[in-house]
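Novice: predicted coordinates and the sequence they were generated for:
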Amino acid sequence: MTSGAALASLQDAAILWSVGSAPATDVIDAACACLVAGADTPTLRILAGVSPVKGSESDELCPWLRDALAELSLAYYRPGSREGEEEGLRVMARRLLAKSITPRDLTSWASGFITYDGTPLAGDLIDLENTYDYLDALSEGRPYASTVAEDVDAKVIAEARRLLGDATTAADG
């Protein structure tokens, strides 16, 4: 893994941790990968060596994460912050467009980790999760017309592109 890829992975892990969808160990593993890839700062070394105790992961990670990210010129998002939620949506949207998750995975994630109480940017994805749920209920466990699911998938992909500022159409993907 290149240093740039390792840093991007650390940034994503820190963002997802800040919204509660990734454990502290993901951040620590990403910090270790940064060191292996050649990115090295004093606080990053400490962060990579943190051994979180179950139940106090945040307490052990927080004192080091902000400074380690600053030393690497990466952004820190306070746990539960609106900015962190928005960046988390973008991380997951990139994963969708990279085809490492499905459209349903993205809507389920937004519904479960952001909710309607979070950033308004998640609203359309949560509505689309409700559409998937509705289709599931209508089909009563039987497969439903693939075109219906494909239409919802296309809307999710279009929303992911909108979140990332990508003006291309869903048909291009």
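Specialist: Cool, got the structure. Residues are numbered from 1 along each chain as shown.

Novice: helices and strands of this structure: which one has the lowest mean pLDDT?
Specialist: Between all helices and strands in the chain, the lowest mean by mean pLDDT, DSSP states H and E belongs to helix 57-71, at a mean of 87.

Novice: list of residues touching stretch 11-21?
Specialist: 22-24, 26-27, 29-30, 61, 65, 69, 74-81, 84-85, 87-88, 91, 109, 112-114 (Cβ atoms under 8 Å, 6 or more residues apart in numbering). (Each C-beta comes from the backbone N, C-alpha and C, glycine too.)

Novice: sorry, wrong one. I was asking about stretch 41-55.
Specialist: 24-25, 27-28, 31-32, 34-35, 60-61, 64-65, 67-68, 71-72.

Novice: buried subset of those?
Specialist: 24, 27-28, 31-32, 34-35, 60-61, 64-65, 67-68, 72 (16 or more other Cβ atoms under 10 Å).

Novice: can you tell me which two in those are farthest apart?
Specialist: Glu60 and Leu72 (19.3 Å; Cβ to Cβ).

Novice: tell me the contacts of Asp133?
Specialist: The neighbourhood of Asp133, defined by Cβ under 8 Å, 6+ apart, contains no residues.

Novice: tell me which element it falls in.
Specialist: According to DSSP states H and E, Asp133 maps onto helix 123-139.

Novice: quick one: name whatever helix or strand follows that helix.
Specialist: Next along from helix 123-139, by DSSP H and E: helix 146-163.

Novice: got the buried residues for that next one?
Specialist: Buried-residue list, helix 146-163, by 16+ other Cβ under 10 Å: Ala149, Val152, Asp153, Lys155, Val156, Ile157, Ala158, Glu159, Ala160, Arg161, Leu163.

Novice: other SSEs contacting that helix?
Specialist: Applying 3 or more Cβ pairs under 8 Å, 6 or more residues apart in numbering; DSSP states H and E, we find helix 146-163 packed against helix 82-97, helix 103-109, helix 123-139.

Novice: between those helices, which one is nearest to Ala5?
Specialist: Among these, helix 82-97 sits nearest to Ala5 (Cβ to Cβ), with 13.2 Å.

Novice: related to what we said a few turns ago, any chance of the buried ones among the contacts of stretch 41-55 in TSV, plus distance to Ala122?
Specialist: As requested, the buried ones among the contacts of stretch 41-55 are exported to TSV (distance: Cβ to Cβ, whole Å):
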residue	distance to Ala122
Ala24	23
Val27	22
Ile28	27
Ala31	28
Cys32	31
Cys34	29
Leu35	34
Glu60	29
Leu61	24
Trp64	29
Leu65	24
Asp67	29
Ala68	28
Leu72	28
